[in-house]
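K.L.:
From the sequence below, what's the structure:
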Amino acid sequence: MNAAAQSPLARLRRVAADAFTLFLLPVSVVLLPWSLGFRVLKCFARCERLYREAVEPAWIAARVHCPGSDEKMWKYRFRLLRLVDQADSYLTLLRGGRWWQRRIDEHGEWPTAVGARVFLTYHWGAGHWIWQRLHAQGFDAWFLARRVHGRALGMSRLSHTYGRFRAWAICRIGSRGPLFVGGSRDLLRQALDAGDSLVGMLDLPAGAQQNAIETTLLDGHVRFPLGLASLAVESGVPVTLFSAGLDLANGRRQLWMETLPAGMNVDEIMRRYVAHLDERLRAMPEFWQIWREASLMFVDADTSSARQAL
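P.N.:
Alright, predicted model coming up:
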């Protein structure tokens, strides 16, 4: 980090930017009728200075795999999704289940809430509102999350306050709460044994010591960890995939659900998991929130073939 970025003025600007995007703007927007609030967010999404430190590296990573994408439109959609996701942190607390149900287009059938279930989802889209729907359908679910490091949610320490607020909020809207990954396998198994469900995302860079699967995504090869899918098979609980999107025209939410057949092995679950993500990425690549980490997930095709040959 250069001297200018460490100056008191630069730090003040970062704090002000986080205060505006994480608190002031979303709170102001959710007090409006959603149709108007969404139009306000669309206007702010056209500001090229907004989220620049997150948008630029995401675009640099994505353009390799998204040939033909218009840079200006891509960045606009990426910013808009982030704005909506942050607004949802507050909107889910202020609006009830009926309000949300009228504004969600669901594709696929909800599974029957009998016993424990593993829900696998993605960093594609914005699905903070899913907890109300899960609770309404009879699922008591824990959220598997990575501990936030550095400035993943913003540019200053103020983002840590927002992160704690968001963790508190999911408990208020239907989640059992977060379970942090890393040495928690026994806790996850205990939760399933108790009849609770788990919600987790596997579209993450796999660690060197993690069990992982290598398969194709878009135009390349990816390596994803398979721990939660493996746990589901070991525990004999059913698996449902879901992804949560956004209609750019009117702000309606989109939910795709896919319950996998019983008896699938880990490889079959993961290949269906990646195929579901591939469909969403081909339709709207701008909605993958972790593009900046893509270089750690996409692997060289020759390296992938060599690993599979071992």
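K.L.:
which stretches of this protein form strands?
P.N.:
104-107, 118-121, 141-145, 177-180, 197-201, 212-217, 220-225, 239-246, 253-259, 298-299 (DSSP state E).
K.L.:
and the longest one, how far out from the chain's middle?
P.N.:
The one in question is strand 239-246. Centroid separation between strand 239-246 and its chain, computed with CA atoms, centre = their mean, to the nearest Å, is 10 Å.
K.L.:
Summarise which helices and strands it is packed against.
P.N.:
Applying 3 or more CB pairs under 8 Å, 6 or more residues apart in numbering; DSSP states H and E, one finds that strand 239-246 makes contact with helix 71-94, strand 118-121, strand 253-259, helix 266-283. Just so you know, the C-beta spots here come from the backbone N, C-alpha and C atoms, and that holds for glycine as well.
K.L.:
now do the third one
P.N.:
When contacts are defined as 3+ CB pairs under 8 Å, 6+ apart, strand 141-145 sits against helix 130-136, strand 177-180, helix 185-193, strand 197-201.
K.L.:
Show me what counts as buried in the shortest one.
P.N.:
Neighbour-count burial for strand 177-180, with 16 or more other CB atoms under 10 Å as criterion, is recorded at 178-179.
K.L.:
do the first one as well
P.N.:
For helix 130-136, burial by neighbour count (16+ other CB under 10 Å) applies to 130-135.
K.L.:
wait, which of these is closest to Val114?
P.N.:
Leu134 (14.3 Å; CB to CB).
K.L.:
re earlier: among the helices and strands packed on strand 141-145, where is the model least confident on average?
P.N.:
Ranked by mean pLDDT, the helices and strands packed on strand 141-145 bottom out at strand 177-180, with a mean of 88.
K.L.:
what does that one rub up against?
P.N.:
142-147, 167, 170-171, 187-188, 191, 198 (CB atoms under 8 Å, 6 or more residues apart in numbering).
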